[in-house]
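**Student:** Coordinates only, no sequence provided:
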């Protein structure tokens, strides 16, 4: 397989994986392109390579910047904006975990904390079932949150070494 074909295959696979994780396919493809390109790219270069519209490219790049996965760079003497993605997979994993935590886990923990304060009759089967489910899900969510917090603070080698010890 030639490099050009391999790059295209990676971009397509990353896009498919992204959509399975609930991320826009084009967003994942732009990220993939920036991951495997050593130099910064302009919006026009991204549009041409991925055959996407300017509006789609601009919206996608804005989203990637919002996720902290891409940064905009300016070159002295040029009016064009250039875009770059960090190539360190550990940094990428931590940034994605941080954003997903903020967008998904934090809001559900807030709701679960609120729901865990609901008053009810202790002998009422509906209340008991509701309370147990909320308590159990809240406990799980907080354990996931603690694990993410550890991951976000940890160095890669320590984190994987510690995780592997759990499975031995």
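**Tutor:** Cool, got the structure. Since the structure is predicted, the reported quantities are computational estimates derived from the model, not experimental observations. Numbering: from 1, shown residues only.
**Student:** can you map out the strands along the chain?
**Tutor:** Ranges of strands in the chain, per DSSP state E, are 41-42, 70-74, 81-85.
**Student:** can you redo those as CSV with distance to residue 22 and mean pLDDT?
**Tutor:** For glycine as for every other residue, the C-beta is placed from the backbone atoms N, C-alpha and C. Converted to CSV, these look like this (distance: least, C-beta to C-beta, whole Å; pLDDT from 0 to 100):
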stretch, distance to residue 22, mean pLDDT
strand 41-42, 25, 96
strand 70-74, 19, 94
strand 81-85, 20, 96
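**Student:** want to try a markdown table for those, with distance to residue 111 and mean neighbour count as columns?
**Tutor:** Formatted as a markdown table, these follow (distance: least, C-beta to C-beta, whole Å; neighbours: other C-beta atoms under 10 Å):
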| stretch | distance to residue 111 | mean neighbour count |
| --- | --- | --- |
| strand 41-42 | 40 | 18 |
| strand 70-74 | 31 | 14 |
| strand 81-85 | 33 | 18 |
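**Student:** Tell me which of those strands lies nearest to residue 119.
**Tutor:** The closest of these to residue 119 is strand 70-74. By C-beta to C-beta, the value is 47.2 Å.
**Student:** what residue is smack in the middle of the chain?
**Tutor:** Nearest to the mean C-alpha position of the chain, counting by C-alpha atoms, centre = their mean, stands residue 96 at 2.9 Å.
**Student:** nearest to residue 132, of the strands of the chain?
**Tutor:** Across the strands of the chain (criterion: C-beta to C-beta), the nearest stretch is strand 70-74, sitting at 43.2 Å.
**Student:** coming back round to it: got a markdown table for the strands of the chain, with distance to residue 131 too?
**Tutor:** Putting the strands of the chain into a markdown table (distance: least, C-beta to C-beta, whole Å) gives the following:
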| stretch | distance to residue 131 |
| --- | --- |
| strand 41-42 | 53 |
| strand 70-74 | 44 |
| strand 81-85 | 45 |
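**Student:** Can you say which of those strands is nearest to residue 128?
**Tutor:** With respect to residue 128, and counting by C-beta to C-beta, the nearest of the strands of the chain is strand 70-74 at 48.4 Å.
**Student:** and the closest one, what other elements does it pack with?
**Tutor:** The contact analysis (3 or more C-beta pairs under 8 Å, 6 or more residues apart in numbering; DSSP states H and E) places strand 70-74 against helix 25-35, helix 54-66, strand 81-85.
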